[in-house]
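Novice: model the following, please.
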Amino acid sequence: MRILRCVSASLALLALNVAHAAGPVSELKATARDGQVFLTWKETETPEGATFNVYLASSPISDVAKAARVGHHIERHSARDWWDDPVSFKKGEKPGKPVGFRIQNGGERLDPAGGLFVHTVRKDAPSKLFFAVTCSDPVGKEDAQIVVGENSLRDGVVAKAADIQPIWEGKGAPTPQGGGKDKPLWLNLHAKGGVVAGMEYLVFGDETMGWREGLPFKFSARIERDEVVVRPTDRVWINRPHKEAGDGGMPAIWTFWFGYNSKIFDRKLMAEGVPTNYTERRNLWILDWVRRHYQPDMNRWYCSGSSMGGCGTVSFGLRHPELFAGLHAHVPIVSYTYLGKGSATRLEPSCWTGRITPELKTSEGVPLLERMNGTKFVAEAKGDLPFLFLVHGRQDGSIPWQNNPPFYRALAKARQPFAVYWDNGTHATCGKDAPPDVKAWQERFRRFRLNESLPVFTHTSSDRNAGNGDPADGDIIGWINRGMDWKDIEDAPDRYAITVTADYPGLEYPVRTDITLRRLQRFKVKSSESLSVRIGNTAPVSIKADALGLLTIPSVSIPSRNGVHVVVQRGF
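Specialist: This is a model prediction of the structure:
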């Protein structure tokens, strides 16, 4: 009897272990490289809405209560590359054949029915890391049972903090280190709904780049027309249909190149979350990696986009004058407000649960509506902003006109460099009939350099009236600083000279404008310093810098398309 009881107990224990081993997660494996740990596992079929959790400790995990949770709400079959499936982005598409992520350069794709989580190693992490993976049912109840060797690592993995490296997914060999050395860089931001085809690089973000760590994103970086062209993607997987967005409710959402709520994975929890600039952080990571790998000319970086891409050019590009020398934004939202049809509604689905109140703060501790208010940002900017070209349409139903004239006035009042053209077009037609010189702005924004000074034009006599914000007020078709240009800059310690010009078909001379000198390199001006200025052949006159050290030369007359030479120097 004793032998029978022992055999029976052994069989029961074996059955229990088999039952545990046959749980939702089995065959957990880990590999480490480039500062990250790649966890993969096999999954049994779980009900729709089930999610997975990842735990981390410095010794084998047999009880998740004694470990730190580093991953949550991980979707079923997370090894599936959802970027390669059209139904991730657009309603009504036919599902693509499931394929797994490729998590190593030149490696085989994972089984798309399995699980994947990528952990970024912290600087203070122990030398050996142990992980465990559990499953939660659709209502959030967690099965916390652990079987070491199945859903918990027995031996752990040796890993250390290091720079994350993207995974090459393009055809052929990747661009070698330094392949873009000293070339200009162009950041091209796509419009709403856009997904870049043929993205060469895959990255799994750290905990700062998404609502959970390990979220995958892709981007393209290529050498085209002798410049480094970077095309990121404004898409993120939120592990649920985004029904409140009103554009098909897909699980791979757009964020208007800003970010989204920290608890977007659960609509019921979003009121507890915080709007966070995750997308901007991803873009900064991409640009930093491209800087280190491609080694472009740091003085010739540019950003442009149309529609939502134009919105990102204003909200992201304008905010980083240390990176970008020139910007071009076609039909952008310049400020997210509730004026007109209310551009702030664009942020509601991803950042909040309804109308955004003035009190709602971002993770940066500032109100979201203030953070995304371009007029306020420009008015408060302390240094030199990138030169910004803008094109708007008065009848644009997607981009309320009411925000635009105040933005133009703020740029002029702050004496920041810009040029704008508007017509009576809609979102789809704006700029199509613009004059050739205005259409040429799409290339001209590349002329600027961070290490080269430039003039800012304000109160230009050829400017048109943008009105008070009412689409019917002011000139129906118009511009500010159209045709204003310069050449022959001399930027020396004691002398600054420049030839300013004005030219476009039909322009009447003379053209008068105020000129403020920005990005001065060698000709440094002190606060309230007195200088002399000579305009053309006129006698020198005294001029004084303002309290900020900005030097504005008022009422410069440009007599013809040949321009006028302006010389500023110390003393007479």
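Novice: span of stretch 459-476 from start to end?
Specialist: For stretch 459-476, the first-to-last residue distance is 19 Å (Cα to Cα, to the nearest Å).
Novice: quick thing: my sequence starts at 46, can you match it?
Specialist: Sure, I'll start counting at 46 from here, so that last one is stretch 504-521.
Novice: which residues are in contact with it?
Specialist: Applying Cβ atoms under 8 Å, 6 or more residues apart in numbering, the set of residues contacting stretch 504-521 from outside is 384, 439-440, 446-451, 453, 457, 465, 467-469, 522-529, 547, 552-553, 555-559. Placement of C-beta: from N, CA and C, glycine included.
Novice: now that stretch: mean pLDDT?
Specialist: Per-region confidence: stretch 504-521 scores 96 on mean pLDDT.
Novice: can you check stretch 486-497 too?
Specialist: Per-residue pLDDT values across stretch 486-497 average out to 97.
Novice: buried ones in that stretch?
Specialist: Buried residues in stretch 486-497, counted by 16 or more other Cβ atoms under 10 Å: 486, 489-491, 493-495.
Novice: which single one of the residues you listed is nearest to V166?
Specialist: L495 (34.2 Å; Cβ to Cβ).
Novice: I'd say the closest one and H365 touch.
Specialist: No. In this structure L495 lies outside contact range of H365 using Cβ atoms under 8 Å: 11.2 Å.
Novice: helices of the stretch 446-595 of the chain, start to end?
Specialist: With helices called from DSSP state H, counting those that start in this stretch, the stretch 446-595 of the chain shows them at 449-458, 481-484, 486-489.
Novice: quick one, domains of this protein?
Specialist: The chain resolves into domains spanning 64-123+159-207, 219-342+381-417 when parsed by automatic domain parsing.
Novice: quick check: closest non-adjacent residue to R336.
Specialist: Among residues not flanking R336 along the chain, M343 sits closest, at 7.2 Å (Cβ to Cβ, 6 or more residues apart in numbering).
Novice: which of the domains of the chain sits closest to A584?
Specialist: Taking Cβ to Cβ as the criterion, domain 219-342+381-417 is the member of the domains of the chain that comes nearest to A584, at 41.0 Å.
Novice: mind checking the end-to-end distance for that closest one?
Specialist: Using Cα to Cα, the distance between the terminal residues of domain 219-342+381-417 is 37 Å.
Novice: before we move on, what about stretch 292-310?
Specialist: Between the opening and closing residues of stretch 292-310 there is a gap of 17 Å (Cα to Cα).
Novice: now do that stretch, average pLDDT.
Specialist: If you average the per-residue pLDDT over stretch 292-310, you get 94.
Novice: next, the buried residues of it.
Specialist: In stretch 292-310, the ones that count as buried by 16+ other Cβ under 10 Å are 295-310.
Novice: please enumerate the strands of the stretch 496-617 of the chain.
Specialist: 499-503, 523-525, 529-536, 540-547, 556-563, 575-580, 586-589, 596-603, 609-614 (DSSP state E, counting those that start in this stretch).
Novice: what's the fifth one packed up against?
Specialist: Taking 3 or more Cβ pairs under 8 Å, 6 or more residues apart in numbering; DSSP states H and E as the contact definition, the neighbouring helices and strands of strand 556-563 are strand 499-503, strand 540-547, strand 596-603.
Novice: 6 Å - rerun?
Specialist: Judged by 3 or more Cβ pairs under 6 Å, 6 or more residues apart in numbering; DSSP states H and E, strand 556-563 is in contact with strand 499-503, strand 596-603.
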